[in-house]
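In: Quick one, what's the 3D model for this:
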Amino acid sequence: MRTMLAVLLCVAVLALTGGTPTMTTKPIGAPDFQRTMVLLDPENIWRSRNTIGLTETAARLGCVSKYERRGNVLLIDEFQNGLNAWTTDVSGTGSSVALTAAGVLDGSYAAKMTTGSDTFLSATIYTYFALLDLEYPMGLETAYKWAADAGDYMMMSLVMYDGTTRYSYTIKIDRDDGRMFVRQEPATDTQFALLGVSQASGWYYHRIKLVIDHGNRKYLRLYYDENEYDLSAYVPDEVLQATPPRARLVFAFYGTALQNDAATLNHVILTTNEPVI
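Out: Numbering: from 1, shown residues only. Predicted structure coming up:
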């Protein structure tokens, strides 16, 4: 009986309101993630407003970020418009970077990274953007997969230039056994975790998110699949370099000699205002 009454009341509310989604917003100047979406019925059967934020609306519709979704998004690239926003750097015979529609995690396209069979055995993409307010921690997130039984290791970096010094925040992950390294001063790779299993499956993606606090010149944490690692004891690789102030995103894959290994990079997300803990 109660179920029937609830259904009748819902039908009545929809009839009165037309069942049309509406949107209300915070005062002018409020960021998008604070705006409110009203879902279908302005009120439920108890006359409470049915609202969720735009951030949660996006997540329910299929947000590409699968972690805690904290921080404000500065950049999302799922390669749906090609690779024109990126510079490619390939090394070795057969090395290339190209769009692919095969085995994509989200969207229609991803970046296929094919490493060379000689020389530096690598395939890299990178892009620059203007240096922002560095008071707030930043996050760099992606999802990638190696082809089955292929590859050596992958690296992702968030690099800051202030005009006199280059600060590199770099994560390196070994393909064979999942050894994980953080790069810190002076250009040394320090292992901080061992997954103990091969990261080459050929059919599923690994998700990774690096969070740094450049204002205090240190790493904060790393998410890798279901794991979270505290990196707050590590500092970035710091080198004197007279480069105009800017920031750089880098994703690089390194293969094995005498063959062309392949990996797929599905998307890139850059955030700011990440929480310290």
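In: List the residues that contact Ala101.
Out: Shown in contact with Ala101 (C-beta atoms under 8 Å, 6 or more residues apart in numbering): Ser108, Tyr109, Ala110. No exception for glycine: its C-beta is placed from N, CA and C like everyone else's.
In: Check Met156 too.
Out: Met156 neighbours (C-beta under 8 Å, 6+ apart): Leu140, Thr142, Thr170, Ile171, Ile208, Leu210, Val250, Phe251, Ala252.
In: all strands for the stretch 101-250 of the chain, in order.
Out: With strands called from DSSP state E, counting those that start in this stretch, the stretch 101-250 of the chain shows them at 110-114, 122-129, 138-146, 153-161, 165-174, 179-184, 188-194, 206-213, 218-224, 227-230, 237-240, 246-254.
In: among those, which is nearest Ile269?
Out: For Ile269, the closest of these is strand 138-146, at 4.2 Å, according to C-beta to C-beta.
In: Packing partners of that closest one?
Out: If you count contacts as 3 or more C-beta pairs under 8 Å, 6 or more residues apart in numbering; DSSP states H and E, strand 138-146 packs onto strand 153-161, strand 206-213, strand 246-254, strand 262-272.
In: The ones you listed: which one's closest to Glu78?
Out: Going by C-beta to C-beta, the one of these nearest Glu78 is strand 262-272, 4.4 Å.
In: follow-up on the earlier one: can you redo the contacts of Met156 as TSV with distance to Met180?
Out: Compiled in TSV, those are given as follows (distance: C-beta to C-beta, whole Å):
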residue	distance to Met180
Leu140	15
Thr142	15
Thr170	12
Ile171	7
Ile208	10
Leu210	11
Val250	17
Phe251	16
Ala252	15
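In: show me what contacts the spatially most central residue of the chain?
Out: Centroid-nearest residue in the chain: Glu141, 1.9 Å away (criterion: C-alpha atoms, centre = their mean). Each residue near Glu141 by C-beta under 8 Å, 6+ apart is listed here: Ser65, Tyr67, Arg207, Ile208, Lys209, Leu210, Tyr223, Val268, Ile269, Leu270, Thr271.
In: from those residues, which is closest to Ala233?
Out: Nearest to Ala233 out of those is Leu210 (C-beta to C-beta; 15.0 Å).
In: In space, what's closest to the closest one - neighbours in sequence excluded?
Out: Leu140 (4.9 Å; C-beta to C-beta, 6 or more residues apart in numbering).
In: Verify the stated contact: the one you found with Arg248.
Out: No. Applying C-beta atoms under 8 Å as the test, Leu140 and Arg248 come out as separate, 10.9 Å apart.
In: Need the mean per-residue confidence for stretch 210-226.
Out: Mean pLDDT, computed over stretch 210-226, is 95.
In: residue ranges with poor pLDDT in the stretch 101-250 of the chain?
Out: Residues of the stretch 101-250 of the chain meeting the criterion pLDDT under 70: 133, 201-202.
In: 90 - rerun?
Out: Applying pLDDT under 90 to the stretch 101-250 of the chain flags residues 103, 106-107, 129-136, 147-151, 176-178, 184-188, 195-204, 226.
In: Which strand residues bridge the residue nearest to Leu210?
Out: As for beta bridges, Leu140 partners with Leu210, Leu270 under DSSP bridges.
In: which residues does it contact?
Out: Taking C-beta under 8 Å, 6+ apart, we find Leu140 in contact with Met156, Leu158, Lys209, Leu210, Ile212, Leu249, Val268, Ile269, Leu270, Thr271.
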